[in-house]
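**Student:** What follows is a protein structure lacking sequence information:
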């Protein structure tokens with residue numbers, strides 16, 4: 001977590017704004033731990049929680065919007081040629097299409113919490129020509145829920161764990177990150193199992 005702390009020391013709010021935007025375009029960036037740690041910094045009074053939520057939401061939403069229009073304008077030729085660089089393959093598109101046929105726009109909303117899904121949701125939506133207005137309403141709502149979940153989680157856990165882990169202040173960020181990631185992964189794994197079960201039923 002030290003390097004994340006260093007980033008916030010040097011760049012402040014730009015870490016979440018620029019980092020999350022780039023994460024959804026192509027750059028590997030640890031979104032969840034960064035948001036959780038930012039929430040912890042807000043609890044300490046170093047940053048403002050409302051500003052963090054707003055800027056994180058903007059960065060995520062802009063990144064997803066760019067994804068959508070890249071997928072919409074460039075289509076499958078883009079995926080076939082450059083998809084590997086953003087972890088996007090034809091198989092993932094086909095699989096996501098089957099999930100979307102069953103779960104609809106809820107998949108786009110909850111996809112933020114499913115490992116390996118949120119990073120190509122926008123590309124998928126653009127490639128299959130989902131109406132932008134409905135996509136935007138769903139993805140922006142999901143983005144707000146996702147960033148708020150980790151930021152507020154980091155802020156809230158920072159307050160409740162302060163007394164217990166006061167002697168381990170240097171490790172509180174790691175503890176917060178661990179707890180929140182476990183919760184998020186649990187939600188994602190459960191939903192993913194449901195999707196796989198539905199996929200098997202469709203195949204049979």
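**Tutor:** Ah, there it is. In this text the structure is predicted, and so the values were computed from the model without any measurement. Numbers count the residues shown, from 1 in each chain.

**Student:** Check the average confidence over the helix or strand hosting residue 137, would you?
**Tutor:** Element membership of residue 137, judged by DSSP states H and E, is helix 132-160. Average pLDDT, helix 132-160: 89.

**Student:** Just the buried positions in it, please.
**Tutor:** 135-136, 138-140, 142-144, 146-155, 157-158 (16 or more other CB atoms under 10 Å). From N, CA and C alone the C-beta is placed, and that goes for glycine too.

**Student:** between the longest helix anywhere in the chain and helix 132-160, how many degrees?
**Tutor:** Assignment by DSSP state H gives helix 49-82 as the longest helix of the chain. Between helix 49-82 and helix 132-160, the angle formed by their directions is 130 degrees, by axes from the mean of the first three to the mean of the last three CA atoms, to 10 degrees.

**Student:** For residue 156, see how far away residue 62 is.
**Tutor:** The gap separating residue 62 from residue 156 is 27 Å, by CB to CB, to the nearest Å.

**Student:** Off-centre distance for the longest helix of the chain?
**Tutor:** 11 Å (CA atoms, centre = their mean, to the nearest Å).

**Student:** residues contacting the residue most central in space within the chain?
**Tutor:** Note on the chain: the residue nearest the mean C-alpha position is residue 112, at 4.5 Å, using CA atoms, centre = their mean. Going by CB atoms under 8 Å, 6 or more residues apart in numbering, residue 112 touches 118, 142, 143, 145, 146.
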